[in-house]
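Novice: Here is my input, please return the structure:
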Amino acid sequence: MASEELAKKLQSRRTATQEAEPRSEPRCCEPGPPEADASSSSSSSAELSAVLTRRQDINDGNAASRPTRVFNPYTEFKEFSRKQIKDMEAMFKRYDTGRDGFIDLMELKLMMEKLGAPQTHLGLKNMIKEVDEDFDGKLSYREFLLIFRRAAAGELQEESGLMALARLSEINVSTEGVMGAKDFFEAKVQALSQGSKFEAEIQEEKEERKRQEVDKKQRQAAFKQLQSAFCS
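Specialist: Take a look at the predicted model:
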């Protein structure tokens, strides 16, 4: 009997405890705060609108251009003469068949074939990679000049594709510039002589243009005299 009474008391106490505990409602179906959803949607719409506006400006030519560094080969590659740089520029433009200011993989392939030193696909990629400073997979005019700078400095492997390009281009890149000086004073003297040589080349180009103009005027005068003789 005592055990039955004890069991009843425990059962009644358990029932009272369960009735006293608050029942939690299921939260699986509670809707999220509408403010957060609206804010997220508004932010996405603003980003999409900005992207579309930027794209439209680019198509219309109204997009602000990014500042670009002006490249002057004559001041940056002082170890080469003006004639050498002009020869390199002419060669670069000759093989830039796309006229986009770059030599891509296929254009480099054509160049090496024309020079008589064809390269494999991997060899061409390695040639570009060796001087590709901006990692765009093609050669800019500046990177093209770097090939000849490295060739003149003896930094290219003898059997490399870039060395073959520099050697077969028929552009003499042997130079006795400041890089070959043995000490500071010799470097100073050579730097001054290099500057004088640069100025002399500019003066020579001006004189050559003057001679061409004089020759042209003389030919025109001779033609007029001949014409007047026939008409008289």
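Novice: Please tell me the pLDDT value assigned to residue 57.
Specialist: Listed pLDDT for residue 57 reads 71.
Novice: Number of residues surrounding it?
Specialist: 12 (other C-beta atoms under 10 Å). C-betas here are computed from N, CA, C, even on glycine.
Novice: What distance do you get for it to residue 164?
Specialist: Note on residue 57: its distance to residue 164, by C-beta to C-beta, to the nearest Å, is 45 Å.
Novice: Run through who's touching stretch 95-102.
Specialist: Residues from elsewhere that reach stretch 95-102 (C-beta atoms under 8 Å, 6 or more residues apart in numbering): 103-104, 107-108, 110-111, 114, 136, 138-141.
Novice: Among those residues, which one lies nearest to residue 126?
Specialist: Nearest to residue 126 out of those is residue 108 (C-beta to C-beta; 11.0 Å).
Novice: what's the next secondary structure element after the strand or helix carrying the closest one?
Specialist: Per DSSP states H and E: residue 108 is located in helix 105-114. Downstream of helix 105-114, the next assigned helix or strand under DSSP H and E is helix 121-131.
Novice: Tell me the buried residues in that following helix?
Specialist: Under the neighbour-count criterion of 16 or more other C-beta atoms under 10 Å, helix 121-131 has 123-124, 127-128, 130-131 buried.
Novice: What angle do helix 105-114 and it make with each other?
Specialist: Helix 121-131 runs at 110 degrees relative to helix 105-114, counting by axes from the mean of the first three to the mean of the last three C-alpha atoms, to 10 degrees.
Novice: Give the residue spans of the protein that score low on pLDDT.
Specialist: Within the chain, the ranges that satisfy pLDDT under 70 run 1-7, 9-10, 13-14, 16-44, 51, 54-55, 58, 61-69, 173-200, 232.
Novice: Residue 118 contacts residue 108, doesn't it?
Specialist: No: assessed by C-beta atoms under 8 Å, residue 118 is found out of contact with residue 108, at 10.9 Å.
Novice: Would you map the helices across this protein?
Specialist: With helices called from DSSP state H, the chain shows them at 2-20, 34-60, 73-76, 82-95, 105-114, 121-131, 141-152, 161-168, 184-231.
Novice: Could you list every helix and strand that the shortest one packs against?
Specialist: Right, helix 73-76. In terms of contacts (3 or more C-beta pairs under 8 Å, 6 or more residues apart in numbering; DSSP states H and E), helix 73-76 is packed against helix 82-95, helix 141-152.
Novice: and if we set it to 10 Å?
Specialist: Helices and strands touching helix 73-76, by 3 or more C-beta pairs under 10 Å, 6 or more residues apart in numbering; DSSP states H and E, are helix 82-95, helix 141-152, helix 184-231.
Novice: quick one: which of those is nearest residue 15?
Specialist: helix 141-152 (86.9 Å).
Novice: Could I get the buried residue list for the closest one?
Specialist: For helix 141-152, the neighbour count (16+ other C-beta under 10 Å) marks 141, 143-152 as buried.
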